[in-house]
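Chemist: structure here, sequence nowhere to be found:
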């Protein structure tokens, strides 16, 4: 069980979430939907607050079996979300969203798995600023995964079939999508292995991408959907090199190329509506190219009765349409370094993550200046009466830099938080 209650003022006066609050987008290039807001709509409200209430229930179970599968796993969840925009003492717009999910899988030795997944999402909005009509989105999918070992070679295959239905007054969407992957891992030595994976994926458009028509104040833009959007198809090739040595070093380096047919992008059209930039969800052919690496050692040095660990990581993505124009909201190059010291129940950590400038922008976008985030954390774990208590304190943005993420549509409106401290207590029993 988990819950969240929040009541806070909005910069500039307005804000709301859309149906994408609990929906998926592109896994390999997530767009941010954390919302702060401007008021360019002439309503003149000076005191606008958001009263938010969210409750979530998660249930998971596992049964051990004998036969072709050794485990049956079930996971279910229900998420109930609502927020109300309060304009002084008056209720402006109300947004409600309720999601339910069920996943059942049969597994064997962690190498084989088959299963089904169902999800339903009900969205409703009432008020003058409801940019999306009420809708119900249903997903029903079946999947299978298998791993086969042939000496130094390991073959991985997977397939997923999914049907999506979106019901709303006056329009409906229904289509099937299939995805599949084939991967190969070659153990070159006891410490090094090479990987190759080819994946074909299909993604359904969301209700926002299909039916939006109006000011989406949560992301400070006027969104126009396209009811004719179909499946977004992608063919991705990943090539990687992995390392795990007896000395404790663990690392990986990878490159990928993704070719999209009908990639769904939120493209600015250069006009303004109700004081907001207009974006249209448009299908374009596109290519993503990227590289990433991650290298770490949990106990590089031993001193003071503990161990010092280190991690170095980074990534870079280039994304353009078939005409060579950069796509919107693509993050810049990143390079990070983490140091951690562990002694018994005590952990000390410091991390820095540098974001480069992003000046390869889409038409209608503005460049984003880079920044370096410096964070530190101290944590201590106590065991009392069969329960684990984890006390922690974390300092964020210790350099107090002005940080804006290019992947966020709100980057020109709301920067990330300045220097701040958070403390927490986590109980496990």
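Modeler: Perfect, thanks for sending it. What you see is a predicted model, and the numbers here were worked out from it, not measured in a lab.

Chemist: for stretch 182-190, the distance to its chain's centre please.
Modeler: Relative to its chain's centre, stretch 182-190 lies at 29 Å (CA atoms, centre = their mean, to the nearest Å).

Chemist: residues of that stretch that come out buried?
Modeler: 183, 185 (16 or more other CB atoms under 10 Å). C-beta here means a position set from N, CA and C on the backbone, and glycine is covered the same way.

Chemist: show residues contacting it.
Modeler: Here stretch 182-190 makes contact (CB atoms under 8 Å, 6 or more residues apart in numbering) with 152, 153, 154, 155, 156, 157, 193, 194, 195, 196, 197, 198.

Chemist: please apply the same query to stretch 143-159.
Modeler: Residues from elsewhere that reach stretch 143-159 (CB under 8 Å, 6+ apart): 111-117, 160-161, 178-188, 197.

Chemist: same list (the contacts of stretch 182-190) but as CSV, adding distance to residue 53, secondary structure and pLDDT.
Modeler: Formatted as CSV, the contacts of stretch 182-190 follow (distance: CB to CB, whole Å; DSSP: H, G, I helix; E, B strand; the rest coil; pLDDT from 0 to 100):
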residue, distance to residue 53, secondary structure, pLDDT
152, 55, coil, 94
153, 52, strand, 96
154, 47, strand, 96
155, 48, strand, 97
156, 42, strand, 96
157, 44, strand, 97
193, 48, strand, 97
194, 50, strand, 98
195, 45, strand, 98
196, 47, strand, 98
197, 42, strand, 97
198, 44, strand, 98
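
Chemist: list only those of these flagged as buried.
Modeler: Among the contacts of stretch 182-190, those that count as buried by neighbour count (16+ other CB under 10 Å) are 154, 156, 193, 195, 197.

Chemist: show me where the stretch 301-429 of the chain has its strands.
Modeler: Using DSSP state E, counting those that start in this stretch, the strands found in the stretch 301-429 of the chain span residues 306-321, 334-343, 346-355, 371-384, 387-396, 420-428.

Chemist: any low-confidence regions in the stretch 51-200 of the chain?
Modeler: Across the stretch 51-200 of the chain, the ranges flagged by pLDDT under 70 are 128, 170.

Chemist: mind listing the strands for it?
Modeler: Ranges of strands within the stretch 51-200 of the chain are 71-87, 90-108, 112-126, 135-150, 153-168, 171-187, 192-203, based on DSSP E, counting those that start in this stretch.

Chemist: who wins for proximity to residue 220 among those?
Modeler: strand 71-87 (14.7 Å; CB to CB).

Chemist: now do the closest one: which elements does it pack against?
Modeler: The contact analysis (3 or more CB pairs under 8 Å, 6 or more residues apart in numbering; DSSP states H and E) places strand 71-87 against strand 48-64, strand 90-108.

Chemist: now for these, which one comes closest to residue 396?
Modeler: Using CB to CB, those put strand 48-64 closest to residue 396, at 21.8 Å.

Chemist: packing partners for the closest one?
Modeler: Other helices and strands packing on strand 48-64, by 3+ CB pairs under 8 Å, 6+ apart, are strand 2-9, strand 71-87.

Chemist: tell me the spacing between residue 326 and residue 404.
Modeler: Distance of residue 326 to residue 404, given as CB to CB, to the nearest Å: 17 Å.

Chemist: between these two, which one's more packed in?
Modeler: residue 404 (20 against 16; other CB atoms under 10 Å).

Chemist: which residues are in contact with the nearest residue to the more buried one once chain neighbours are set aside?
Modeler: In space, residue 404 comes closest to residue 411 once its chain neighbours are excluded; the distance is 4.2 Å by CB to CB, 6 or more residues apart in numbering. Contact partners of residue 411, counting by CB under 8 Å, 6+ apart, are 368, 404, 405.

Chemist: now residue 140
Modeler: Applying CB under 8 Å, 6+ apart, we find residue 140 in contact with 116, 117, 118, 162, 163.

Chemist: and for the third one, the neighbour number?
Modeler: For residue 118, the number of neighbouring residues by other CB under 10 Å comes to 14.

Chemist: cool, the second one as well?
Modeler: In terms of burial, residue 117 registers 17 neighbours under the definition other CB under 10 Å.

Chemist: how much space between it and residue 219?
Modeler: Relative to residue 219, residue 117 is positioned 28 Å away (CB to CB).

Chemist: likewise for the first one?
Modeler: Taking CB to CB as the measure, residue 116 falls 33 Å from residue 219.

Chemist: these two: who's more crowded?
Modeler: Per other CB under 10 Å, whichever of residue 116 and residue 219 has more neighbours is residue 219, with 27 against 13.

Chemist: for that one, phi and psi?
Modeler: Geometry field for residue 219 lists phi and psi as phi -120, psi 10, criterion degrees, to the nearest 10.

Chemist: repeat for the one 10 residues further on
Modeler: Main-chain torsions, residue 229, degrees, to the nearest 10: phi -60, psi 140.

Chemist: do the same with residue 207
Modeler: Backbone torsions of residue 207, given as degrees, to the nearest 10, read phi -60, psi -40.

Chemist: farthest pair in the contacts of stretch 182-190?
Modeler: Across the contacts of stretch 182-190 (CB to CB), the longest gap, 20.0 Å, separates 152 and 198.

Chemist: how many neighbours does the closest residue in space to residue 382 that isn't next to it in sequence have?
Modeler: In space, and not counting its chain neighbours, residue 382 is closest to residue 389: 4.5 Å by CB to CB, 6+ apart. Number of residues near residue 389 (other CB under 10 Å) recorded here: 16.
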